[in-house]
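*Asks:* Here you go, sequence then predicted model.
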Amino acid sequence: MIYITGDTHRDFERLYNNTFNKDDMVIILGDAGINYYLDERDRKLKENLNKLNIKLFCIQGNHEERPENIATYKEIDMFSGKVFIEDDFPNLIFAKNGETYNIDGYKVLVIGGAYSIDKNYRLIYGYEWFKDEQLSEEEKEAILNKYTHQHFDIILSHTCPKKYEPTEVFMKGIDQSKVDKSMENFLDKVEENINYEKWYCGHFHTEKKVDKIEFMFGRIKVFNKDEYYPKYDKNGYEIIRDYCMQDEVMAKDDICCPVCRSNNILIQKGDGFKINGPDFIALICHNCQKVYGFSDVKYYPNCPKEL
């Protein structure tokens with residue numbers, strides 16, 4: 001089975017908490033963070049990921065080094081295209097920018113890279129910053145020259161076309177007029193000149209769908225299906241995400257199932273460190289045998305949803 005998720009930034013809790021098998025693969029839409037420190041810390045992370053016994057297919061983000069700039073990576077053929085892997089960690093697969101792949105029978109175009117709005121902060125305070133975080137003008141031109149008027153089932157990118165930027169999640173205090181939008185402007189040209197059925201992107205730490213584009217962050221979906229994973233919790237109860245508002249249930253004197261009105265329920269709590277306010281994320285009904293997720297849980301910025 002092929003799955004897809006958004007930025008992980010070295011936090012792979014969403015994978016550790018689920019059950020996969022050796023034939024499964026998870027696509028990460030950039031900023032996996034696997035090649036971040038470029039030292040023993042990265043190797044330890046890779047060793048832990050190796051124990052998951054699944055494949056990760058990673059798009060280049062802006063907070064990580066390109067694999068082609070790391071001596072231990074080699075370029076090989078996979079999925080009818082070129083990818084980068086290390087001999088010690090063949091399950092950690094890195095896509096090549098501008099490459100096309102056959103993934104699960106779908107024709108897929110990959111375009112990684114983005115601008116770091118915290119670039120100056122990183123440079124001043126000694127955090128990692130990568131000079132090749134965006135595509136070069138030559139790379140952009142090559143993609144347009146090669147693929148204009150072609151058709152793809154799916155486009156995978158880190159950032160999005162500028163016309164689809166989720167301005168509602170822009171960081172407060174950032175002067176957007178000083179943010180380099182060249183990647184987003186380029187993806188506007190891609191969106192206008194290359195035909196596609198579906199487009200997935202990450203980068204903005206939000207989850208939403210607009211037209212044929214889907215922004216992903218912390219949750220996992222089955223690739224090219226509107227189906228979250230896992231579908232069932234560890235008790236076999238079906239998870240109904242974003243079913244109702246927390247306030248609609250928790251504000252009542254007699255808390256009950258929003259569907260069958262039973263009191264044979266439990267309230268599922270989340271990680272309070274990620275949540276601003278009451279850390280109730282779902283109501284579990286033993287009669288319905290379902291987990292009804294709350295849609296209005298107030299997570300702190302950059303914290304992925306837990307359900």
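*Replies:* Cool, the structure landed.

*Asks:* got a list of contacts for the strand or helix carrying residue 155?
*Replies:* Residue 155 belongs to strand 151-157 when assigned by DSSP states H and E. The set of residues external to strand 151-157 that reach it, using C-beta atoms under 8 Å, 6 or more residues apart in numbering, is 27, 29-30, 59, 95, 100, 103, 106-112, 187, 190, 194-201, 224. C-betas here are computed from N, CA, C, even on glycine.

*Asks:* Restricted to helices, list the residues you listed.
*Replies:* 187, 190 (DSSP state H).

*Asks:* Any chance of a ChimeraX selection covering the buried ones in the contacts of strand 151-157?
*Replies:* Applied in ChimeraX, the following selects the buried portion of those according to 16 or more other C-beta atoms under 10 Å:
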select :27,29,30,59,95,100,103,107,108,109,110,111,112,187,190,194,196,198,199,200,201,224
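
*Asks:* Give me the mean pLDDT for the strand holding residue 155.
*Replies:* Here strand 151-157 scores 98 as its mean pLDDT.

*Asks:* Helices of the stretch 201-307 of the chain, residue ranges please.
*Replies:* 246-250 (DSSP state H, counting those that start in this stretch).

*Asks:* again with the stretch 51-200 of the chain
*Replies:* So, for the stretch 51-200 of the chain - with DSSP H, counting those that start in this stretch - the helices run 119-125, 137-147, 182-193.

*Asks:* Adding mean pLDDT and distance to residue 229, write those out as CSV.
*Replies:* Shown next, in CSV, are the helices of the stretch 51-200 of the chain (pLDDT from 0 to 100; distance: least, C-beta to C-beta, whole Å):
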stretch, mean pLDDT, distance to residue 229
helix 119-125, 89, 33
helix 137-147, 98, 30
helix 182-193, 98, 27
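
*Asks:* Deepest-packed of those helices, please.
*Replies:* helix 182-193 (a mean of 18; mean count of other C-beta atoms under 10 Å).

*Asks:* residues of stretch 210-226 that come out buried?
*Replies:* 213-221, 223-224.

*Asks:* quick one: which of those residues is nearest residue 81?
*Replies:* residue 223 (16.2 Å; C-beta to C-beta).

*Asks:* For that closest one, give me its contacts.
*Replies:* Counting by C-beta under 8 Å, 6+ apart, residue 223 has contacts 2-4, 27, 103-104, 106.

*Asks:* measure it to residue 194 for me?
*Replies:* 20 Å (C-beta to C-beta, to the nearest Å).

*Asks:* Ok, residue 294 next?
*Replies:* Here residue 294 is placed at a distance of 38 Å from residue 194 (C-beta to C-beta).

*Asks:* next one: residue 159
*Replies:* From residue 159 to residue 194 the distance is 16 Å (C-beta to C-beta).

*Asks:* which ones are touching residue 30?
*Replies:* Residue 30 neighbours (C-beta under 8 Å, 6+ apart): 7, 58-62, 64, 112-114, 157-159, 202-203.

*Asks:* what's the pLDDT at it?
*Replies:* pLDDT at residue 30 comes out at 97.

*Asks:* What of residue 1?
*Replies:* 95.

*Asks:* just the one 3 residues further on next, same as before
*Replies:* Looking at residue 4, its pLDDT is 98.

*Asks:* Name the helix or strand for it, please.
*Replies:* Going by DSSP H and E, residue 4 is in strand 2-5.

*Asks:* domain ranges for this structure?
*Replies:* 2-229, 238-294 (automatic domain parsing).

*Asks:* and the strand holding residue 4, what other elements does it pack with?
*Replies:* strand 25-28, strand 220-222 (3 or more C-beta pairs under 8 Å, 6 or more residues apart in numbering; DSSP states H and E).

*Asks:* Try it again at 10 Å.
*Replies:* Judged by 3 or more C-beta pairs under 10 Å, 6 or more residues apart in numbering; DSSP states H and E, strand 2-5 is in contact with helix 13-16, strand 25-28, strand 55-58, strand 220-222, strand 228-229.

*Asks:* Mean neighbour count, those: which tops it?
*Replies:* Mean neighbour count (mean count of other C-beta under 10 Å) peaks for strand 25-28 among those, with a mean of 25.

*Asks:* Dump the C-alpha coordinates for that strand into CSV.
*Replies:* Output of strand 25-28 as CSV, limited to C-alpha atoms (Å, rounded to 0.1, in the frame of the first residue of the first chain):
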residue,chain,number,x,y,z
MET,A,25,5.6,3.0,1.3
VAL,A,26,4.9,6.5,2.7
ILE,A,27,5.5,9.6,0.6
ILE,A,28,6.7,12.6,2.6
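
*Asks:* Sheet partners, orientation included, of that strand?
*Replies:* strand 2-5 (parallel), strand 55-58 (parallel) (DSSP bridges).

*Asks:* Any chance of a markdown table for those strands, columns distance to residue 34?
*Replies:* Shown next, in a markdown table, are those (distance: least, C-beta to C-beta, whole Å):
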| stretch | distance to residue 34 |
| --- | --- |
| strand 2-5 | 14 |
| strand 55-58 | 7 |
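
*Asks:* Before I go, just wanted to say thanks for your time.
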